[in-house]
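Undergrad: Sequence plus predicted model, see below.
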Amino acid sequence: MSLPTYCLVLGVVELLFALPMLVRPRQAAKWFLDLKNNDPIVRIVSAPFLIMGILVLSQDATVGFHLAGLARLLVWLICVKSLILCWWPLKHARFAEKFLTGLLTQYLVGAVGAAWGLFFLLAAVVL
């Protein structure tokens, strides 16, 4: 899989989760936490991201201070996170539950997620 394709997929998924957190944070956080507490769903969603990340890194795994290098660094981090989610999904759910209880942190998660989504979409276009 090419790096721009992965960035495009990841950017769309990030925005899919982040924008509702900005528009209706309480409802989105409740839905997100319900999703995170569903062990099989978390594993089913995380595994393809791990597989896609490995496919991207199999072509070129070098990181650097240029756009492609930074994007690959994030792919490495997403692979590690996806692996953790596949092995220990409920530990991540407990962390997310602690983090998404306040309205301010819900907006913060939405804003950071939207920024990441836009970064990945920009990276897909530029690369």
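TA: Ah, there it is.
Undergrad: tell me which element the residue most central in space within the chain falls in.
TA: Relative to the mean C-alpha position of the chain, the nearest C-alpha, by Cα atoms, centre = their mean, is the one of Glu14, at 5.8 Å. Glu14 is part of helix 3-23 when elements are defined by DSSP states H and E.
Undergrad: What is the burial count for Ile88?
TA: For the record, residue 88 is Trp, not Ile. Neighbourhood size, Trp88 [other Cβ atoms under 10 Å]: 12. The C-beta positions use only the backbone N, C-alpha and C, and glycine is treated the same way.
Undergrad: So for it, what pLDDT did the model give?
TA: In the predicted model, Trp88 carries a pLDDT score of 90.
Undergrad: Please report how far it lies from Arg72.
TA: 25 Å (Cβ to Cβ, to the nearest Å).
Undergrad: okay, the angle between the lengthiest helix in the chain and helix 3-23?
TA: Of all the segments of type helix in the chain, defined by DSSP state H, the longest one is helix 103-126. Using axes from the mean of the first three to the mean of the last three Cα atoms, to 10 degrees, one finds that helix 103-126 and helix 3-23 are set 150 degrees apart in direction.
Undergrad: what packs against helix 103-126?
TA: Applying 3 or more Cβ pairs under 8 Å, 6 or more residues apart in numbering; DSSP states H and E, we find helix 103-126 packed against helix 3-23, helix 25-36, helix 67-87.
Undergrad: can you count the residues close to the residue nearest to Asp60 when sequence neighbours are not counted?
TA: In space, and not counting its chain neighbours, Asp60 is closest to Arg72: 7.0 Å by Cβ to Cβ, 6 or more residues apart in numbering. Here the number of neighbours of Arg72 (other Cβ under 10 Å) works out to 22.
Undergrad: next one: the least confident helix or strand in the chain by mean pLDDT to chain centre, how far?
TA: Of all helical and strand segments in the chain, the minimum by mean pLDDT, DSSP states H and E falls on helix 89-99, at a mean of 81. Here helix 89-99 shows a centroid-to-chain-centroid distance of 15 Å under the convention Cα atoms, centre = their mean, to the nearest Å.
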